[in-house]
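Student: The sequence and its predicted three-dimensional model are supplied below.
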Amino acid sequence: MSMGFAHRPRRPVQAGLRRFSRHRFAVVGLLVLLAMTVAALFAPWISPFDPDRIDVAQRYILPLSADHILGTDDLGRDVLSRLLSASRVSLLIGVSAMLMTLIVGFLVGAFAGYCGGWIDAILMRLTDMLLCFPNIFLLLFVAVFVPPSRVSLAALIGLTSWMEIARISHGQIRSLKQRDFLEAARLAGASNVRIIMRQILPNSMTPMLVAAALNTANAILLESYVSFLGYGIQPPQASWGNMLTYAQSEFAIDPWLAVFPGAAIALAVTSLNFIGDGLRDMLDVRLKSR
Amino acid sequence: MGSLILSRLVQAAVLLIGVSVIGFTLMHLAPGGPLAFYTNSPGVSTADLVQMKHAFGLDRSVAMQYLFWASDMLRGNWGYSFFGGRPVRELVFERLPATFELMGLSMALAMLAGTGIGVVAAVRKDSLFDHLVTLWAMLALSLPTFWYGLLAIFVFGERLGWLPVGGRSTLGAGEDIAGHVTHLVLPVGVLATVIAAQWSRYSRAAILDVLGQDYMRTALAKGLSPLRILIRHGLRSGMLPLIALAGLQLPMLVGGALVTETVFAWPGMGLLFVNALSYRDYPVLMALLMLSALLAVMGNLLADIASALADPRIRLGRSA
Amino acid sequence: MLLSVRNLCVDFHGEDGPFRAVDGVSFDLADGERLAIMGESGCGKSSVALALMRLLEGGGVHVSADHLALDGRSLLTLDARAIRSVRGGEIAMIFQDATTALHPLIPVGAQVVEMIRAHRRLSRSAARTLALSLFQRVGIAAPERRLAAYPHELSGGMCQRVMIAMAIACRPRMLLADEPTTALDVTVQAQIMDLLLDVSAESGMAVILISHDLGVIAGAADRVAVMYAGAIVEIGPTETIYALPAHPYTRALLDTAPRVDIGVGEPLPVIPGNVAGAHALVGCQFAPRCDVAVDRCHSARPPSRRIGDRHEVACWVTTDTAGADAR
């Protein structure tokens, strides 16, 4: 039974960065993600082959062969090159969908919290309901009507995943509204928009950063689901999700084709989750002192 | 409590209307409209299209169509599938048992196991067990569920050949309980493992939160046994957020198994939805959208009621 | 001697490194005696109380003592079952914020009944009857109805009365009261203190009162132990401590108490500086803030020395001069 009650004496709050770096997994996650981002950015230059080059003479080459480190797929395309090319798409979608969730979620939450009254009640109730809607369902429903592309996919994921952010910013704004400095800003003649931008935004930044990291991870997973079902990134352009679509039919022949895209997704998602945890510890001293 | 339910019901109705209007509008804004699939088919003539439009009521204004659709929906007439012409309600009800079976079983197993594992992990925080649970949850949640489905099919279905890899029963085998169970093992195993991982995180966090509360220290200072403290004092408040969460996951019964059903060719509503998507079978899509919206609404309501019943602070009307 | 504590140390091994919260605390407590532990927040006084109940174990906390005995029985070597019968049965504890110390989802009557039945073989209905009489004893109006109430339906003072009822339910030998009135309104504070003194006098229960409130302590305690940075710097009879404080820290603490004779506009006195951080100091912990410190105070830890009747102080400056006077 380790239900001891360690009433740790209060100590000066450590610098945020030191907290983050003490979270070893978060640092590793950050490094891995940085490495993946750099690889994605320089993919056209570091890819050993053209990711779309078909070579029927070189089909199903196993990993660790001389030319193709990660082997080739059913059309003889180099898996490493495709993976690198796919990471550009998948990471980009992850990040832009995350930005989208931040913007939409913040606007909805801030607007509701700022207005209060029935607007608040309706908007936040809607948010609650959407939150427990399986968002893959919503996403697919809309994805059918929109021609698939990187932009539309990022936008759709963003538009169906903003609810968490809205709740955070709503809560922040409601609590900030109680405080005096908003009244002071209003008395000083600041407009509503100005109040939101200058006072509320910086104050609700911290918990939203945590949600942003987790949303990016979630967006990467959603991309893989949608692409897997054929409503996302279309071939020949590779994405981590659609690489798995083909792996499904080829699983019996060459299971490696499912392993590498899966590993890429797992690596990115795990890193982002760790970064989220690290940010949470860094920002939330209260949690840390448990 | 009564007024709480009433206000939630009004909100629910507003939400359902909202979702249906959005869904309906989307279908009609889509390029080519609801019949886009036929417009692009070479075998369908313009005259056929006009006739189909009339048959499906698509030649009326969108607002009128919505009103007709909504009143039909309320009266239990969910329209007819664009493909095969079968009543949508029949199609959906035919698929419901399969999905409820798969998701109900998976979620029940996952919640039981996940909650238990999470509680033990919280009580033995930082132990080897806790770290292993964290690792498992991390792995389970960092890959799409279908990936585990593919892996399971490959290992247990194709390599080892122990279990059937798809469908709900073997064709021509008739009513066969054992065969039925073997078909359930893989999809339920995959879904339950992943959902339990999620659930263990929830319950671990909830219990950790409770363990840090003042009243748990009081319980220790009273000289109660650790087991009694955990069960009577810890779980009582730790389960509160979990009860609400369970309600909120109700819509997963319909939508949660979408991709898993596809991977395992499980003839449930997820597969129905995915197939309807590829054919743009709008009546079916709309019915499924409304059904999951309804479940979302009910889940929210149930969550509110359950936590109100369990928490005297809400039940007695201090805060609502 | 009811309670005997020698060289009690509490170490926290947190992620910020080790931290010694209690640093060699020693004192005795006689049957029925009331001892106050006085000090600023963070000085380790609450850790002393929790350590006595063995509530600090696990989670990177290490408790050690040369001697820690209740009625001659060592508390440190008791097994889990035995320590449970001590908790609540022989030593009861009440906390600063009674509204959070009570379980929010269990009726307060049931919480008292649970305490009774954990230590005494009583039927449920007998335990309930006892709880009812306890509620009456601690001055809860309409006790029958209050038994079924939840904490959120009661005021802070009422919750503290419930805690007191629970604490005295099993007739413990000793009560640990950790800042029992800090969270309450001033008028309620006095009522609760009166009640505490009343029930302890009635049952001959010893009390350790932990507080930073000089007023509360003055009216309640037979003896006072002054803690600074994890150690007792001075201990003695209440009148002696208040009238003739020997340690510079005690004097400074008494000087900071708001008094009516300070004129309007005059600044309230403060103790300059902050409590030393990681106990890295070789000498007296208070030396950096002390206005009479000499070289020796910075280089060696002063031992606790007796300077009067039951009056001990750990200070080089005071003991040297006092010792000279005594000789």
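Tutor: Everything's here; your move.

Student: Tell me which other helices or strands the helix or strand containing B:Ala192 touches.
Tutor: Taking DSSP states H and E as the definition, B:Ala192 sits inside helix B:177-211. Contact analysis of helix B:177-211 by 3 or more Cβ pairs under 8 Å, 6 or more residues apart in numbering or on different chains; DSSP states H and E lists helix B:88-123, helix B:128-141, helix B:145-152, helix B:236-248, helix B:258-263 as its packing neighbours. Just so you know, the C-beta spots here come from the backbone N, C-alpha and C atoms, and that holds for glycine as well.

Student: Could I get the ones you listed in CSV, plus columns for mean pLDDT, distance to C:Glu114 and mean neighbour count?
Tutor: Listed next are the helices and strands packed on helix B:177-211 as CSV, based on pLDDT from 0 to 100; distance: least, Cβ to Cβ, whole Å; neighbours: other Cβ atoms under 10 Å in any protein chain shown:
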stretch, mean pLDDT, distance to C:Glu114, mean neighbour count
helix B:88-123, 91, 20, 20
helix B:128-141, 89, 29, 16
helix B:145-152, 87, 44, 22
helix B:236-248, 84, 12, 19
helix B:258-263, 86, 45, 25
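
Student: Just put these in JSON lines and tack on distance to chain C.
Tutor: Formatted as JSON lines, those follow (distance: least, Cβ to the nearest Cβ, whole Å):
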{"stretch": "helix B:88-123", "distance to chain C": "11"}
{"stretch": "helix B:128-141", "distance to chain C": "13"}
{"stretch": "helix B:145-152", "distance to chain C": "35"}
{"stretch": "helix B:236-248", "distance to chain C": "5"}
{"stretch": "helix B:258-263", "distance to chain C": "37"}
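
Student: Toward the C-terminus, what is the element adjacent to the helix holding B:Ala192?
Tutor: helix B:214-221.

Student: which outside residues touch that next one?
Tutor: Defining contact as Cβ atoms under 8 Å, 6 or more residues apart in numbering or on different chains, one finds that helix B:214-221 is touched by A:3, A:5, B:210, B:229, B:233-234, C:53, C:55, C:87-88, C:92-93, C:95, C:97, C:100-104, C:163.

Student: Centroid-nearest residue for chain A?
Tutor: When Cα atoms, centre = their mean is applied to chain A, the residue found nearest the centroid is A:Thr216 (0.4 Å).

Student: Secondary structure of it: a helix, I assume?
Tutor: Yes. Counting by DSSP: H, G, I helix; E, B strand; the rest coil, A:Thr216 is located in a helix.

Student: Read off the pLDDT value for it.
Tutor: If you check A:Thr216, the pLDDT there is 94.

Student: With C:Val292 instead?
Tutor: Checking the pLDDT column for C:Val292, the value is 87.

Student: Just the CA coordinates for stretch A:149-165, please, in CSV.
Tutor: Taking Å, rounded to 0.1, in the frame of the first residue of the first chain, the C-alpha atoms of stretch A:149-165 are listed here in CSV:
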residue,chain,number,x,y,z
SER,A,149,-6.6,16.4,-51.1
ARG,A,150,-4.0,17.4,-48.5
VAL,A,151,-5.7,20.7,-47.9
SER,A,152,-9.3,19.4,-47.6
LEU,A,153,-8.2,16.5,-45.4
ALA,A,154,-6.4,18.8,-43.0
ALA,A,155,-9.3,21.1,-42.9
LEU,A,156,-11.8,18.3,-42.4
ILE,A,157,-9.8,16.8,-39.5
GLY,A,158,-9.4,20.3,-38.0
LEU,A,159,-13.1,21.0,-38.3
THR,A,160,-14.1,17.7,-36.6
SER,A,161,-11.6,17.8,-33.8
TRP,A,162,-11.7,21.3,-32.3
MET,A,163,-14.0,20.5,-29.4
GLU,A,164,-11.4,19.8,-26.7
ILE,A,165,-9.7,23.1,-27.4
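
Student: circling back to that earlier point, does the nearest residue to the residue nearest to the centre of chain A once chain neighbours are set aside belong to a helix or a strand, and which?
Tutor: Using Cβ to Cβ, 6 or more residues apart in numbering or on different chains and skipping residues adjacent in sequence, the residue nearest A:Thr216 is A:Met98, 4.2 Å away. Per DSSP H and E: A:Met98 is located in helix A:79-115.

Student: average pLDDT across the very next helix or strand once past that helix?
Tutor: For helix A:79-115, the following helix or strand on the C-terminal side (DSSP H and E) is helix A:117-131. Regarding helix A:117-131, the rounded mean pLDDT is 83.

Student: What's opposite C:Tyr208 in the beta bridge?
Tutor: Actually, residue C:208 is Ile rather than Tyr. C:Leu35, C:Leu176 (DSSP bridges).

Student: Who are the contact partners of C:Gln191?
Tutor: With contact taken as Cβ under 8 Å, 6+ apart, C:Gln191 is in contact with C:139, C:157.

Student: Same check on the one 5 residues further on?
Tutor: When contacts are counted by Cβ under 8 Å, 6+ apart, C:Leu196 touches C:164, C:175, C:177, C:180, C:207, C:209, C:220.

Student: so how far is A:Ser169 from whatever residue of the stretch 51-200 of chain A ends up closest to chain C?
Tutor: Nearest residue of the stretch 51-200 of chain A to chain C, counting by Cβ to the nearest Cβ: A:Ser175, 20.3 Å away. Counting by Cβ to Cβ, to the nearest Å, the gap from A:Ser175 to A:Ser169 is 11 Å.

Student: got it, and C:Arg301?
Tutor: The value you get for C:Arg301 to A:Ser169, if Cβ to Cβ is used, is 53 Å.

Student: Which one of the residues in the stretch 101-250 of chain A is closest to chain B?
Tutor: A:Pro134 (3.3 Å).

Student: could you point out where the chain is predicted with low confidence?
Tutor: By default, I'm working from chain A. For chain A, applying pLDDT under 70 flags the ranges A:1-22, A:66, A:178-182, A:185-186, A:189-190, A:192-204, A:283-290.

Student: Chain B was what I was after
Tutor: Scanning chain B for pLDDT under 70 picks out the ranges B:1, B:30-42, B:56, B:169-175, B:255-256, B:314-320.

Student: More neighbours: C:Arg301 and A:Ser169, which one.
Tutor: Shown here are C:Arg301 and A:Ser169; by other Cβ atoms under 10 Å in any protein chain shown, A:Ser169 has more neighbours (31 against 16).

Student: Which parts of the stretch 201-327 of chain C are helices?
Tutor: Remark: helices assigned in the stretch 201-327 of chain C by DSSP state H, counting those that start in this stretch are C:214-220, C:238-243, C:248-256, C:295-299, C:316-326.

Student: All good on my end, thank you.
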